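Chemist: Pasting a predicted model and its sequence here:
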Amino acid sequence: MHWGATSQDVADTALILLLKKTVVILEADLLRLEDALQALIAKHRKTMMAGLTLLQSAPREFKRNPDHHSNQQIDPVSEQPLPKGCQ
């Protein structure tokens, strides 16, 4: 029986420490991406797009609520939206 730390324990700890740093970087990138997408939404809100309904041409505006999900955080495990109080 071994009671001390194993090389796998050291590797797991190192991985977690690296992932903690990565989360900060990715979060900043995601916030910049959200800002850029919000700017595109605002710029093209009235832009007409090609669409199809029953194989018939059906132009529609870009604004089909693409910002509907903004600020909605998703649980990374269940991939379900988090309740408002948990954000």
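Modeler: Yes, it's here. Numbers count the residues shown, from 1 in each chain.

Chemist: Let's check: the centremost residue of this protein is which one?
Modeler: Against the mean C-alpha coordinate of the chain, by CA atoms, centre = their mean, the closest residue is residue 30 at 6.7 Å.

Chemist: Against residue 5, how distant is it?
Modeler: 34 Å (CB to CB, to the nearest Å). Backbone N, C-alpha and C define where each C-beta goes, glycine included.

Chemist: quick one: the residue nearest to the centre of the chain from residue 48, how far?
Modeler: 29 Å.

Chemist: Kindly report the same for residue 18.
Modeler: 46 Å.

Chemist: got it, and residue 22?
Modeler: From residue 22 to residue 48 the distance is 40 Å (CB to CB).

Chemist: And for residue 54?
Modeler: Distance, residue 54 to residue 48, by CB to CB: 19 Å.

Chemist: who has more neighbours, those two?
Modeler: Ranked by neighbour count (other CB atoms under 10 Å), residue 54 and residue 48 place residue 48 first, with 10 against 5.

Chemist: All the helices of the protein, in order from the start?
Modeler: Counting by DSSP state H, the chain has helices at residues 7-43.
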